[in-house]
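Chemist: Structure, please.
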Amino acid sequence: MAVYVDDAVTLWRGQRWAHLMADTLDELHAFAAALGIPRRAFQDKTSGAHYDLPAPLRDEAVALGAIAISRHRDRELVRAVIRRAKAQGRGEAL
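Modeler: Okay, here's the model as predicted:
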């Protein structure tokens, strides 16, 4: 099982943001908790099951073992991770 963090590319409120995703929801929530992110920050809408991370927290996630993935270099892996996150967001088991 793995936790992933994509490129911090989304600009919002003056910061760059990334998405924290994982192979399982349990793993995602546990990793977010280790980063100090409250469960209320969890998002499971149409964009898929994830937590948003500001760029500095993205670096901390990588230091804790999250796999950095790039939408530019790792396209197939990113697509697979996003497909899984969307299925999790819809409550589907994989």
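
Chemist: The closest residue to His50 other than its chain neighbours: what secondary structure?
Modeler: In this structure, His50 finds its nearest non-sequential neighbour in His19, 4.4 Å apart by Cβ to Cβ, 6 or more residues apart in numbering. The C-beta positions use only the backbone N, C-alpha and C, and glycine is treated the same way. The three-state assignment at His19 reads strand, by DSSP: H, G, I helix; E, B strand; the rest coil.

Chemist: so how many other residues sit close to His19?
Modeler: By other Cβ atoms under 10 Å, 25 other residues sit near His19.

Chemist: before we move on, what about the one 5 residues further on?
Modeler: Close neighbours of Thr24, defined as other Cβ under 10 Å, add up to 15.

Chemist: residues in contact with the residue nearest to it when sequence neighbours are not counted?
Modeler: Residue nearest to Thr24 in three dimensions, not counting chain neighbours: Met1, with 5.9 Å by Cβ to Cβ, 6+ apart. When contacts are counted by Cβ atoms under 8 Å, 6 or more residues apart in numbering, Met1 touches 22-24, 27.

Chemist: repeat for Ala61
Modeler: Residues counted as contacts of Ala61 (Cβ under 8 Å, 6+ apart) are 3, 5, 20, 31, 35, 53.

Chemist: are any of those residues buried, and which?
Modeler: Buried by 16 or more other Cβ atoms under 10 Å: 3, 5, 20, 31, 35, 53, out of the contacts of Ala61.
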